[in-house]
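Visitor: just a sequence and a predicted model for now, questions to come.
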2 protein chains.
Amino acid sequence: MRSVEEHAKIVSDLLSPSPSVNVSLHDAAGLVLAHDLIAPIDLPPFPNSAMDGYAVRAADLPSFPITLPVSQDIPAGRQDTGPLTPGTAARIMTGAPMPDGADTIVQVEKTDGGTETVRIDDAPPAGIHVRTRGEDVRTGAVVLHAGAVIAGPQIGVAAALGFAELPVRRPLEVLVLSTGTELVTPGQPLGPGQIYESNSYMLAASVTAAGAHARIAHFVADDVDAFNSALSAASTGVDLIVTSGGVSAGAYEVVKDALTGRGVEFAKVAMQPGMPQGAGHFHGIPMVTLPGNPVSSYVSFEVFLRPAIRAAMGYEQLTRPALRLPLSQPIDSPAGKRQFRRGVLDAANGTVAPWGGPGSHLLSWLAGADAMIVVEAGVTHLDAGAPVEVWLLG
Amino acid sequence: MRSVEEHAKIVSDLLSPSPSVNVSLHDAAGLVLAHDLIAPIDLPPFPNSAMDGYAVRAADLPSFPITLPVSQDIPAGRQDTGPLTPGTAARIMTGAPMPDGADTIVQVEKTDGGTETVRIDDAPPAGIHVRTRGEDVRTGAVVLHAGAVIAGPQIGVAAALGFAELPVRRPLEVLVLSTGTELVTPGQPLGPGQIYESNSYMLAASVTAAGAHARIAHFVADDVDAFNSALSAASTGVDLIVTSGGVSAGAYEVVKDALTGRGVEFAKVAMQPGMPQGAGHFHGIPMVTLPGNPVSSYVSFEVFLRPAIRAAMGYEQLTRPALRLPLSQPIDSPAGKRQFRRGVLDAANGTVAPWGGPGSHLLSWLAGADAMIVVEAGVTHLDAGAPVEVWLLG
C-alpha cells in the first residue's frame, strides 16, 4: 500500500507553479505576489508637512512670541507652491508640500491661527514635523518581496507607489465533478435509493478556501461515456480536475473504468478514511480522483489537494496550523493506516476529543468538528492524555 | 479626550445586526448561519451498505464456505430494489440500499466475487458494514447552530440534507470614500504636490477580509459640495459609509466641514495613530470617518471597524488573534495615548519587535509587519523583555 507521503508527492508533482498574471489591486487580495515589487517613485514623493500649522524658517524665529506675515496658504494638493519669502510664514496643512526655503513646521496649536499675520508662541527644532522625500520608500527599493501574501497594507503601499495592478500567481482553476447514479441535486425531490449530491459543493468551498477558483461540473451517473463527455465539455481552461466517487473496489466504478490505463493511476493509500485514490491526467490536465464517501473526500482534499494547490500558487503556508495536544478520551486506530479523526478542541483545558466515530459517511460530525486528529499508522491505541497531532480547521 | 473603548462602543452601536437572507450554498461560504438548521430528512435516508459485497441473511450462513445463488444486483442509485429472496445473496455496492430482509454485508474480499452464484468464505456479525437510516442525522435534529461559520463541511452536510440555500447573516455593504485634493488615481501621472490615492484600496481589502462587501466611491477633492454629492450618489443600498481624510484640525477638512452638526460627531480619541475620529449618520446611513494618514486609517479600521462589522454580521470572533509576547527591543510611547505600533514576530524566540517608527505615513513598514503591538495609555516606556499585547495580522 502507498504511504500518505508517497501519494502526496505524486499529487503535488502533477501541478506546475502557477504563472504570474497582472490583476487589479482589488483582485490581488489574498493572492501571492509573483515578483518583487520595486518602488518606481519616492514615498513621500516630496517633502511635506506632518501637521496642520505654519511653515517657517528657523532663522526667522529669534524669540517667542513673534508675529510674522502669512505670505501664502498651502492646502494639501496645491500644485503651484512658491518658495517661502524670508521673514514670512506659510499656512500649511498636513500632507501639503513644504515650500522651498522652509525648514520648520509650527503646529497650529502653538499659534493664534491667523491668516493675514500669525503669532507664533513656540516652535520645535527645524526638521520636526517635516516628512522628507523618500523617508518611507526610496525609488528602486524592494517594497514587497515575491511570495508575500497580499492584504490591505500591501495593497495600500502598492497603490501609494502608483501601481494600479499587481503581478500575482494566478489562482488555479479547479473543476470539481461528482459521480454516482444515486445522486440528486439539493432542492429536488429524493427518490428511493437516492441521496443528495454534496461533495461538489463541499469540495468547491474547500478549493476556494485554499485560495483557488472552483467550478462545479454537473454530477454524472456511473456511466463511462457520460463521465468522459461531461469532463471534456467542462475542462476548457482548467488547471486541475478533482472527481469524487467511482474509485473503489466495486463493480460500477465509473472513474476507474473510464481512466484505468488512460492516464490515471489508481492506488490504495495507507490511511483511513480515504484509502482508494487516483492521480494522473485527463487529456493533459492534472487530475486527482477522490473517494466518494463525503468524509473520505474532505479528508483527502485536506491531506493531498490543499497543500498541492497552495504550493502551486506560491503560498509559503501549505497546511493548516498544527499543534500537539493531549487527548481527553482514548482513541483506537486501525493497524497500518494513518487515521484522520474529526475532533473538537477544548481551549480551556488545552485538549482535543474525538468527535463522532470513524465512519466516512458521518458528515454531520465533520461539520461539527473544528479539528482533525492525526494518528500515525503504527499506532493502534492512544490513552486519554496521550499527545496527538491536531490540525486546526477553519 | 475619548478613550478607545468609548469610541469603539459608539462605532459598534451605529450598526444593527445584519438581517438573515437565503443564499446559494456557494455564496454561503465564510458567512455566519442565521438560524439553526433543522434536518428535514434522515441521513442516511435509507439503510445502505458501507462496503462493496453481498447482502445476505445471517440465518442463511450456517457454516463457511457456503455458496448461494445471486438473486439480484444492487448498484448505488438503484430505485427498484426488491426484498431479498431467502437463501440467496444480493450483490451490492457501497451506498446502495439494503434489500428488505437482509441483515448482513459480506465484503467482496471475503467471497469469490461471483455474479450467478457466490462462494462466501467468511462473514462479519449481522449489522456490521450496514449504515442504518438516520445513523448520522435524524429528521428534526439541529444539524448546524445559528452562529456557525460556514465552510466546506457545513456546506457539505447542508447539501446532503437537500438544502440548495442557507440562511446567513447578510454581508454588510460598506462604501469606502477617500477625500483629499492631493489625490491621484494609481496608474495616472503624478503632478507636483500630489500623491496616489491608496486608502480606499487598502480599506476595501480590509472590509473584504473582515467578511463584508466593499464598494469604492471615487475619491473627492476637499470640497463640501463634491463630497456630499459623491456620497449621495454612491450610498444607495449601503449599510455603512467609511471615509478617510478631512477630519483633523486643519483649515480644509472637508468631512468635518460637511458633517459637523449634520449627523456626525467628531472627537479626539486617546490613541496614536488615529486621534481624530468621527461617527454618526449620513442621510440615515451609519458613517465612520477615519483620519487620512494611511497608517492611521488602517489602525483605526482594525481597532474600531473590524470588530463592529463582524459583530453586526454575527461572528463570534471579532478581533484578530491576540497574545502577550516579550519585546525584543524597547519601545517609547506617548503619555495618555494607547499606542498601536507595527511589529514583526520572531517565531523562533517567541518575541516581537517594533517595525519602523510611529509615523503614520510609514506605509511600507505597515506592509512589512505581521503584528500590531499595543502599548497601554499609561505606559511611556517598555524595556526589552517586557510583555506586550500583540495582534496577529493576516
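Guide: Received, thanks.

Visitor: which part of the stretch 251-394 of chain A gets nearest to chain B, residue-wise?
Guide: Per Cβ to the nearest Cβ, A:Ala367 is where the stretch 251-394 of chain A lies closest to chain B, at 4.1 Å. C-beta coordinates here come from the backbone N, C-alpha and C atoms, glycine included.

Visitor: give the buried residues for the strand or helix carrying that residue.
Guide: Per DSSP states H and E, A:Ala367 falls inside helix A:363-368. For helix A:363-368, the neighbour count (16 or more other Cβ atoms under 10 Å in any protein chain shown) marks A:363-368 as buried.

Visitor: CA atoms only: put that helix into PDB for me.
Guide: Taking Å, rounded to 0.1, in the frame of the first residue of the first chain, the C-alpha atoms of helix A:363-368 are listed here in PDB:
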ATOM      1  CA  LEU A 363     -20.900  14.100   7.600                       C
ATOM      2  CA  SER A 364     -22.800  15.900  10.400                       C
ATOM      3  CA  TRP A 365     -19.900  15.100  12.800                       C
ATOM      4  CA  LEU A 366     -17.400  16.500  10.300                       C
ATOM      5  CA  ALA A 367     -19.500  19.700  10.200                       C
ATOM      6  CA  GLY A 368     -19.400  20.000  14.000                       C
END
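
Visitor: residues contacting that helix, please?
Guide: Under the criterion Cβ atoms under 8 Å, 6 or more residues apart in numbering or on different chains, residues A:198, A:294-295, A:298, A:342, A:344, A:355-357, B:43, B:136-137, B:141, B:143-144, B:153-154, B:156-157, B:160 lie in contact with helix A:363-368.

Visitor: now with 6 Å, please.
Guide: Identification of contacts with helix A:363-368 by Cβ atoms under 6 Å, 6 or more residues apart in numbering or on different chains yields A:294-295, A:342, A:355-356, B:136-137, B:143, B:153-154, B:156-157, B:160.

Visitor: what two of the residues you listed are the furthest from one another?
Guide: Within the contacts of helix A:363-368, A:Trp355 and B:Ala160 form the most distant pair, 17.3 Å apart (Cβ to Cβ).

Visitor: neighbour-wise, which of the two wins?
Guide: Taking neighbours as other Cβ atoms under 10 Å in any protein chain shown, A:Trp355 and B:Ala160 compare with B:Ala160 leading, 29 against 19.

Visitor: pLDDT of stretch A:108-127, averaged?
Guide: Averaged over stretch A:108-127, pLDDT sits at 95.

Visitor: quick check: end-to-end length of that stretch?
Guide: Stretch A:108-127 stretches 16 Å from its first residue to its last (Cα to Cα, to the nearest Å).

Visitor: how far off centre is it?
Guide: How far stretch A:108-127 lies from its chain's middle: 49 Å, per Cα atoms, centre = their mean, to the nearest Å.

Visitor: quick one, helices of the stretch 151-300 of chain A?
Guide: A:152-160, A:199-210, A:224-234, A:254-259, A:294-300 (DSSP state H, counting those that start in this stretch).

Visitor: related to what we said a few turns ago, next structured bit after the helix holding A:Ala367?
Guide: Counting by DSSP H and E, the element after helix A:363-368 in chain order, helix or strand, is strand A:371-375.

Visitor: who does that following strand pair up with?
Guide: In the sheet, strand A:371-375 lines up against strand A:338-346 (antiparallel), strand A:387-392 (antiparallel) (DSSP bridges).
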